[in-house]
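**Q** generate coordinates for the sequence data below:
(4 chains)
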2 protein chains.
Amino acid sequence: MAQTAEITRSPRRAEMVRAAARLFSERGYHGTSMQHLADALGLQRGSLYAHIGSKQELLFDVVDEGAERFLERGEKAVSMTALAVVRLRRLLVGHVETAIEHLDAATVFLNEWRYLAPDLAAIVQEKRDRYEGMVRKIVEDGIAAGEFRPDVEVRFAARLVLSAGNWTYAWFRPGGELGPTEIGERFAELLIRGLQPPGEARR
Amino acid sequence: MAQTAEITRSPRRAEMVRAAARLFSERGYHGTSMQHLADALGLQRGSLYAHIGSKQELLFDVVDEGAERFLERGEKAVSMTALAVVRLRRLLVGHVETAIEHLDAATVFLNEWRYLAPDLAAIVQEKRDRYEGMVRKIVEDGIAAGEFRPDVEVRFAARLVLSAGNWTYAWFRPGGELGPTEIGERFAELLIRGLQPPGEARR
DNA sequence: GGCTTCCGAACGACCGTTTGTTTGGAGAAC
DNA sequence: GTTCTCCAAACAAACGGTCGTTCGGAAGCC
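**A** Numbers count the residues shown, from 1 in each chain, chains lettered A, B, ... in the order given. Here you go, the predicted structure:
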């Protein structure tokens, strides 16, 4: 064979994954052709295959990289020795920071992962579940410790928290008045305290 | 010309828009071919063009239909004569209900609208802004009336509310234990009261 | 007959991928 | 210092297939 497409992680390959992350996030997976990617790197279409196995493999690399980053930050937050409120705040700030620092990969991770083939999707699904489990753990701890209302439904609250966090950077534009950290903090604040003033009777 | 692609809304055409909504939501706009659509309707590829002008036109119809439904429900909620808390609750319940009743169109409205050509995207953007404005209005009213904390940032809170609402049906599966109305209500509850018990000191 | 609806073939363009070959340079051998 | 060998990187061309769209004509129905 003329060229072997090994699984090696060369620096050139990393460049390609990065370029793919940007294109996939802008145009979507199916909206991005290998021609687009080749153009972005100043290459011929076919030359890409000296470094990658397939377009699908490229998608997996981008998505998995995104997942790993969230997991890393999340684990730090859950394993802290602190009040649930503090840990939740830390996780949310980390979440938003990670998402915005790697906006392309995060966008692809959220919007395009469903185009992964079943076996690859399963790997990512497991990591998503693990992450959601972290949020649930914190909420559970908070209820047990009396920091959160005893009547909040754990699974529901966790989903809501992630939902809000995941949509946040759909409207984030770099150069706005608020940085990632500020957004994360306000975000946690609002979720923990709610819109109502403290002590307000329930309506 | 043999076939005129008018702007008429025939019943057959509506069928096509509905089928397109389902396919676009499942496979994405670029991941759906006219062949897929023709198969779903038991037709030949070319036959579709007796009813529609282009694939892009089909996307616009699906997205715009989704937008209109949200606006209709939203307007009912803002224009109510009631406490801001009540109106917010009503808007959120309506939002989730609408989204789930028309899950396909809502999904396309959220995930695929960015593939609209600039002039069509602008029309949808205006409607999105209008909807966001409604949420902002309610939050503003709530602050003015003392129902919400005076220090909540209106634009930020509104975005957060919509963010959470928009991701909610990404994980909604029909036949689960909770229906759309229940989800909407719990959703509003959590956003208004927060995770913390009432009267809890701020940490 | 006129209308709507669809078929079936064709259009040029582009898709992701494979292939054989060329290129430029690094390292060893002389 | 010149040759020779080797290798990774990229090129250019082609593969079979699919893309969205057009169009002439054939049915079916009023």
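**Q** okay, CA-based contacts and neighbour counts for the rest of this
**A** Noted.
**Q** distance of residue A:66 from residue A:119?
**A** Per CA to CA, to the nearest Å, residue A:66 is found 18 Å from residue A:119.
**Q** okay, those two: which has more neighbours?
**A** Each of residue A:66 and residue A:119 has its neighbours counted (other CA atoms under 10 Å in any protein chain shown); residue A:66 has more, 24 against 9.
**Q** so the more buried one is in which element?
**A** helix A:55-78 (DSSP states H and E).
**Q** so who does the nearest residue to residue A:83 once chain neighbours are set aside touch?
**A** Using CA to CA, 6 or more residues apart in numbering or on different chains and skipping residues adjacent in sequence, the residue nearest residue A:83 is residue A:142, 7.5 Å away. Going by CA atoms under 8 Å, 6 or more residues apart in numbering or on different chains, residue A:142 touches A:83-85, A:148.
**Q** where's residue A:142, which helix or strand?
**A** helix A:118-144.
**Q** could you list the buried residues of that helix?
**A** A:120-121, A:124-125, A:127, A:131-132, A:134-140, A:142-143 (16 or more other CA atoms under 10 Å in any protein chain shown).
**Q** near DNA strand C too, which of the residues you listed?
**A** For DNA strand C, no contacts are drawn from those by CA under 7 Å from any atom of the strand.
**Q** any idea which helix or strand comes after the helix or strand bottoming out on mean pLDDT in chain A?
**A** Ranking every helix and strand in chain A by mean pLDDT, DSSP states H and E puts helix A:154-168 at the bottom, with a mean of 89. Using DSSP H and E, the helix or strand that follows helix A:154-168 in sequence is helix A:180-193.
**Q** would that next one count as contacting chain B?
**A** Yes: contact of helix A:180-193 with chain B (CA under 8 Å from any CA of the partner chain) involves A:187, A:190-193.
**Q** tilt between that helix and helix B:180-193?
**A** 110 degrees (axes from the mean of the first three to the mean of the last three CA atoms, to 10 degrees).
**Q** name the helix or strand for the residue positioned nearest the centre of chain A, please.
**A** Nearest to the mean C-alpha position of chain A, counting by CA atoms, centre = their mean, stands residue A:106 at 4.5 Å. Taking DSSP H and E as the criterion, the element that holds residue A:106 is helix A:103-111.
**Q** what does chain A have sitting close to chain B?
**A** Residues of chain A lying near chain B (CA under 8 Å from any CA): A:27, A:30-31, A:85, A:111, A:115, A:147-149, A:152, A:157, A:159-161, A:163-168, A:187, A:190-200.
**Q** thank you, goodbye.
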